[in-house]
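Participant: quick one: sequence plus predicted model below, questions after.
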Amino acid sequence: MFNLTDKVAIVTGSSRGIGAGIAKLLAAQGAKVVINHRSSPEAADEVASAIKADGGEATVIQADVGQNNEALSLIKETIDSYGQIDILVNNAGTTRDKLIMQMKPEEWDLVLQTNLTSVYNCSKAVVRPMMKKRKGRIINITSVVGLSGQAGQTNYAASKAGIIGFTKSMAKEVGSRQITVNAVAPGFVPTVLTGVLPEEQTQSIIQNTPLGRMGTLDDVAAAVLFLASDEAAFITGQVLSVDGGLVMQ
Ligand SMILES: NC(=O)c1ccc[n+]([C@@H]2O[C@H](COP(=O)([O-])OP(=O)(O)OC[C@H]3O[C@@H](n4cnc5c(N)ncnc54)[C@H](OP(=O)(O)O)[C@@H]3O)[C@@H](O)[C@H]2O)c1
């Protein structure tokens, strides 16, 4: 089940956190994985080394995926190295949490560019090679906040809700070529990103989660693996929440 041998996968923002967890699991299932980062070369090398130590294959490519030209280089370098792209996981993301009254235009722009424009940049760049192969998997990491909203996160929630609209629209455009486009919506997973949440908010999230705990990197990676697999061939345009029941749609 879920064998990715001979597949090539790019995971954006995979130098740590959820992206690193996804990259490791896809590699463990046989995929050749491109580890991408913007500004953490050492952490990215550590992820690649861990994959190789487990007998997998990984390459590190630096690119700020919010910048169109850099996203294009990431995809081109991957094709130059491996000759194909089978799986794109748009995971890179960031936060600049502020109430709307205090949010500066540059904090809005940075979050939208990193979280949403990056999804357009990378997805557009892979669509032609995937169309030629008449096969492909695009998995976009959104957030339950994109479904529920969250005070202090208008920029982040807008970017994540935007990803959901993008996912459904692109799924309709490319379905006839057997390319699937889905989104995974994690709930609360402890990472550098969520480390900045106040303790009070962390406890309240856990209390409101029916499964009574935070998510793990493995919880999210398993959902991505499924959607990346041949077994998920008839699933597209969907949002799979991995949140312990925090936000039920
Ligand atoms: N943790 C959660 O609870 C949670 C919940 C829902 C959704 N998510 C989503 O899951 C994804 C991963 O989050 P995380 O918690 O693992 O965050 P994280 O630990 O902060 O990791 C973010 C990763 O993205 C990379 N990155 C950031 N901006 C980039 C850019 N412009 N270009 C390329 N790489 C970039 C970072 O690398 P550099 O250091 O090199 O920039 C890092 O590898 C995000 O999309 C986030 O919104 C997380």
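Facilitator: That came through fine.
Participant: tally of neighbours for I100?
Facilitator: 11 (other C-beta atoms under 10 Å). The C-beta positions use only the backbone N, C-alpha and C, and glycine is treated the same way.
Participant: any idea how far stretch 35-43 is from the middle of the chain?
Facilitator: 15 Å (C-alpha atoms, centre = their mean, to the nearest Å).
Participant: now swap in stretch 177-189 and tell me
Facilitator: Distance, centroid of stretch 177-189 to centroid of chain: 8 Å (C-alpha atoms, centre = their mean).
Participant: and that stretch, which residues are buried?
Facilitator: For stretch 177-189, the neighbour count (16 or more other C-beta atoms under 10 Å) marks I179, T180, V181, N182, A183, V184, A185, P186, G187, F188, V189 as buried.
Participant: check stretch 88-98 too.
Facilitator: Buried residues in stretch 88-98, counting neighbours by 16+ other C-beta under 10 Å, are found at L88, V89, N90, N91, A92, G93, T94, T95, R96, D97.
Participant: what is the lengthiest strand in the chain packed up against?
Facilitator: What stands out as the longest strand in the chain, according to DSSP state E, is strand 179-186. Helices and strands touching strand 179-186, by 3 or more C-beta pairs under 8 Å, 6 or more residues apart in numbering; DSSP states H and E, are helix 118-133, strand 136-141, helix 154-174, helix 217-228, strand 239-242.
Participant: give me whichever of these is most buried.
Facilitator: strand 136-141 (a mean of 26; mean count of other C-beta atoms under 10 Å).
Participant: ramachandran coordinates for V189?
Facilitator: phi -130, psi 120 (degrees, to the nearest 10).
Participant: pull the number of nearby residues for the residue nearest to it when sequence neighbours are not counted.
Facilitator: In space, and not counting its chain neighbours, V189 is closest to G215: 4.2 Å by C-beta to C-beta, 6 or more residues apart in numbering. G215 sits with 23 neighbouring residues when counted by other C-beta under 10 Å.
Participant: show me where the protein dips below the pLDDT cut-off.
Facilitator: 196 (pLDDT under 70).
Participant: helix, strand or coil: sort out the closest residue to T180 other than its chain neighbours for me.
Facilitator: Nearest residue to T180, sequence neighbours excluded (C-beta to C-beta, 6+ apart): T236, at 4.0 Å. Assigned by DSSP: H, G, I helix; E, B strand; the rest coil, the conformation of T236 is coil.
Participant: mind listing what T236 touches?
Facilitator: Residues counted as contacts of T236 (C-beta atoms under 8 Å, 6 or more residues apart in numbering) are A171, G175, T180, V181, N182.
Participant: one more time with 6 Å
Facilitator: A171, G175, T180, V181 (C-beta atoms under 6 Å, 6 or more residues apart in numbering).
Participant: the ligand contacts on this protein?
Facilitator: 12-19, 36-40, 64-66, 91-94, 114, 141, 143, 186, 188-189, 191-194 (C-beta under 6 Å from any ligand atom).
Participant: among those residues, which are in strands?
Facilitator: Taking DSSP E as the definition of strands, those contribute N36, H37, I141, P186.
Participant: is it possible to export those residues to TSV including distance to Q203?
Facilitator: Formatted as TSV, these follow (distance: C-beta to C-beta, whole Å):
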residue	distance to Q203
N36	33
H37	31
I141	24
P186	18
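Participant: assumed M103 was part of a strand.
Facilitator: No. M103: not assigned to a strand; according to three-state DSSP it is coil.
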